[in-house]
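In: How does the following fold in three dimensions:
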Amino acid sequence: MFESASALKKWYGTQSKRILAGITQMLNDASQKGHDEIVRSALSDQQRKEEYIYAMITEQTIAGRFKVLVAQPDIATGWKTRKLLTFSFPSVAIAFKKIKSRIRRPRKYLGIVDISSIR
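Out: All right, here's what the predicted structure looks like:
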């Protein structure tokens, strides 16, 4: 769990950079093998979302983040709004994540089988 707002932003920023680097590498590899269109179409949604997250993190003001939200009409509004709120009010987001983790019943697995509901 995140201990501070800066830790949350740092973690999301690092993850976003890693994912974008991975997508870039996969696109380059696919291009060399002649499969760039297939890979590009498979990764396009994830790439747009990661670019959105990175843009949210790098913006320093709520107004700037709102401009990023409006500039991406092809991403679901609810998802974009959650990210806007997360990065604009990270302390509140951390509190909600902590509450959610306490309320949510942990799942139990045996291998890959979810055995939480077995009594």
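In: next one: phi and psi at Asp114?
Out: phi -80, psi 120 (degrees, to the nearest 10).
In: what about it, how many neighbours?
Out: 10 (other Cβ atoms under 10 Å). C-beta coordinates here come from the backbone N, C-alpha and C atoms, glycine included.
In: go on, Tyr54?
Out: Tyr54: 18 neighbours (other Cβ under 10 Å).
In: ok, now Met56?
Out: 22.
In: mind listing what it touches?
Out: 65, 68, 83-84, 87 (Cβ atoms under 8 Å, 6 or more residues apart in numbering).
In: wait, which of these is closest to Asp114?
Out: Distance to Asp114, by Cβ to Cβ, is smallest for Lys83 among the contacts of Met56, at 28.0 Å.
In: What strand or helix carries the closest one?
Out: helix 77-88 (DSSP states H and E).
In: Tell me which residues are up against the following helix or strand past that helix.
Out: Elements were assigned by DSSP H and E; along the chain past helix 77-88, the next helix or strand is helix 90-103. Helix 90-103 is contacted from outside by 1-2, 4-5, 8-9, 85-86, using Cβ under 8 Å, 6+ apart.
In: among those, which are in helices?
Out: Applying DSSP state H to those, the entries found in helices are 5, 8-9, 85-86.
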